[in-house]
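Enquirer: Provided below for reference: sequence and predicted model.
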Amino acid sequence: MKCSLVLLIDQSMISRCTILLFILMVLAGCTGIDTDKLSDDLEYRPNLSVPLGKLTAQYDEVYELPVDLPDPIDSEPVSWEEREIMYFDLEASISERKYILSMLLQFDIVNRYPAAMAVELYLVDALGEIIALTTSPIELEAAQIDESGAIVQPASTDPYPYQLPLSDEQIDALLDARALIAEGVVKDILLSNAIVNSFSSYQLDAAIGVQAQVDFSINNN
C-alpha cells in the first residue's frame, strides 16, 4: 500500500494582521492623531484558511487488500476498511484561541474506486486520546468505470467541498491535536477481470483544511 502526505502551512493572514497594527501605530505617531478619540474597539475579523494536508491511499494489486479474497475471485463482492493517519501542527499557523470566533473543517475527498465508500474522521490529541469529528459517515458514491475498468468519472463529496462546523470543544481539541485519522470502508466491490487488471489506477484522495473566523481587537481602555 502506498500513502503520501503533504503538509502545507500558511501564515500570511497572521502576518497581515501584524502589519495592520504596525501601520496604525505609525500613522498615529506621524500625524498627531489623538488615539483617545478613536473608537474604543478597532476590530479586524478576517477569515483564515489553513491547509492541514493531503493524503493518497492506493493498493498496487488486489492481493494486497486486507481481506480474504473469494475463490474464484469474482464469485462475490468484497468490502474492506482503510485507516490512514495525517499528522499536522496548527500552533504555528492559527492565532491564540481567544481570537477565534468560529472554525470549520473543509474536505475535498475524491473516490477513485468503483465502489461506494463511507469515511469517518477522528482527532488524536496530545495525550493520544481519540476524539470523533464526524457524527455520521461521509458517504461517497462509486467512481464510474468503462468496460475495461478504466475510470470515467471519479466521485467526490457531496456537497463539494464538504464543510464540517466545529463546536467549541472540537475547536479546542483541534488546536491541541497532532494527527487526524481517516477511516474509510470500501463497500461491496466485485473483483471482475477488468477491475483486477485496472486496480493499480484506483485510489482515494483527500485534502483537508481549516477555515477560521478570528477577531483581532485593539482596546484603548
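Expert: Everything's here; your move. Numbers count the residues shown, from 1 in each chain.

Enquirer: Start and end of stretch 141-158, how far apart?
Expert: When the termini of stretch 141-158 are compared using CA to CA, to the nearest Å, they are 9 Å apart.

Enquirer: List the contacts of that stretch.
Expert: 107-117, 138, 140, 192, 194-199, 201-202 (CB atoms under 8 Å, 6 or more residues apart in numbering). Heads up, the C-betas are built off the backbone N, CA and C, glycines and all.

Enquirer: tell me the helices in this protein, going along the chain?
Expert: Along the chain, counting by DSSP state H, helices occupy 12-31, 168-176, 193-197.

Enquirer: contacting residues for residue 110?
Expert: Taking CB under 8 Å, 6+ apart as the definition of contact, the neighbours of residue 110 are 154-156, 204-206.

Enquirer: Least confident secondary structure element in the chain?
Expert: strand 2-6 (a mean of 40; mean pLDDT, DSSP states H and E).

Enquirer: where does this protein have low pLDDT?
Expert: Counting by pLDDT under 70, the chain has low-confidence residues at 1-46, 91-95, 216-221.

Enquirer: let's go with 50 and repeat that
Expert: Low-confidence segments of the chain, defined by pLDDT under 50, span residues 2-42, 218-221.

Enquirer: For residue 157, grab the count of nearby residues.
Expert: When counting by other CB atoms under 10 Å, one arrives at 20 neighbours for residue 157.

Enquirer: distance of residue 116 from residue 47?
Expert: From residue 116 across to residue 47, the span is 33 Å (CB to CB, to the nearest Å).
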